[in-house]
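A.B. asks: A structural model of the following input is requested.
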Amino acid sequence: VLATISILLFLSTIVLAQTATPTFKHFGSDDGLPSSQIYQALQDSKGYMWFATDRGVVKYNGYEFRTYSTDDGITDNVVFRMYEDYKERIWMISRSGNIFIYENNKISSFKYNSSISNLLKKSYQLEIAVDKSDNVHIGYAGGLFSISSQGAIKKNSLVEASTDDRLRYTICELNDINIT
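C.D. replies: Numbers count the residues shown, from 1 in each chain. The predicted model follows:
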């Protein structure tokens with residue numbers, strides 16, 4: 001009996017020690033993607049895959065695609081960047097410089113879009129982050145600015161740093177958030 005238990009434990013250790021091989025699947029417009037032009041892919045904390053495309057934002061649940069577009073409240077279907085914040089909201093920045101938020105299965109416009117639209121126009125290299133005080137930090141070709149939860153806009157400075165013989169800019173750490 002002891003020998004049988006030892007063999008079973010040994011065999012179960014071998015089975016558990018094997019690593020899963022990842023599988024890859026190619027998706028295209030025939031599968032439900034609205035476009036082959038994907039600017040960013042993001043996996044959220046619930047495991048859903050999100051794709052920023054030139055025809056809206058796509059959410060994939062593992063079985064089907066759901067496209068959010070101008071019909072759902074986005075004013076510009078070309079979305080370049082997405083970010084999931086600590087409240088599991090998905091933030092999106094469109095080509096027009098407008099920000100949208102996906103929360104509770106609904107997309108809404110960022111309430112301070114009109115205040116920041118001139119700063120973001122024609123800036124296609126964008127990064128967005130939200131800290132735990134709900135301050136929104138946006139990095140763009142012209143620098144970095146923050147919008148407080150009350151709507152105050154503050155331009156932040158960049159810190160120059162050199163890494164691996166390449167010159168790059170690292171954005172200062174702001175409110176427990178580090179954007180590089």
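
A.B. asks: In contact with the closest residue to Thr70 other than its chain neighbours: list those residues for me.
C.D. replies: Closest residue to Thr70 apart from its sequence neighbours, by C-beta to C-beta, 6 or more residues apart in numbering: Asn77 at 5.8 Å. The way it works is simple: take the backbone N, C-alpha and C, and place the C-beta from them, glycine included. For Asn77, the contact set (C-beta atoms under 8 Å, 6 or more residues apart in numbering) comprises 53-56, 69-70, 94.

A.B. asks: Three-state assignment for Thr67, please.
C.D. replies: At Thr67 the chain is in strand, as set by DSSP: H, G, I helix; E, B strand; the rest coil.

A.B. asks: before we move on, back to that, are any of the contacts of Asn77 buried, and which?
C.D. replies: Neighbour counting with 16 or more other C-beta atoms under 10 Å marks 53-56, 69, 94 as buried within the contacts of Asn77.

A.B. asks: got a list of what the nearest residue to Arg89 once chain neighbours are set aside touches?
C.D. replies: Counting by C-beta to C-beta, 6+ apart, Arg89 lies nearest to Glu103, which is 4.6 Å off, once chain neighbours are set aside. Counting by C-beta under 8 Å, 6+ apart, Glu103 touches 87, 89-90.

A.B. asks: In helices, which of the contacts of Asn77 fall?
C.D. replies: Using DSSP state H, the subset of the contacts of Asn77 located in helices is empty.

A.B. asks: just to revisit the earlier point, and of the contacts of Glu103, the nearest to Ala141?
C.D. replies: Ile90 (23.2 Å; C-beta to C-beta).

A.B. asks: Tell me the spacing between the closest one and Lys154.
C.D. replies: As judged by C-beta to C-beta, to the nearest Å, Ile90 and Lys154 stand 24 Å apart.

A.B. asks: Who has more neighbours out of these two?
C.D. replies: Remark: of Ile90 and Lys154, Ile90 carries more neighbours, 20 against 12, as counted by other C-beta atoms under 10 Å.

A.B. asks: For this structure, which element, helix or strand, carries the lowest mean pLDDT?
C.D. replies: Comparing every helix and strand of the chain by mean pLDDT, DSSP states H and E singles out strand 166-171 as the least confident one, with a mean of 38.

A.B. asks: residue boundaries of the helices in this protein?
C.D. replies: Going by DSSP H, the chain shows helices at 2-17, 113-120.

A.B. asks: For the longest one, what does the pLDDT average out to?
C.D. replies: On average, the pLDDT along helix 2-17 is 45.

A.B. asks: can you pull the contacts of Arg89?
C.D. replies: 101-103, 130.

A.B. asks: Tabulate those (a markdown table), appending distance to Ser35.
C.D. replies: Below are these laid out as a markdown table (distance: C-beta to C-beta, whole Å):
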| residue | distance to Ser35 |
| --- | --- |
| Ile101 | 22 |
| Tyr102 | 19 |
| Glu103 | 24 |
| Val130 | 27 |
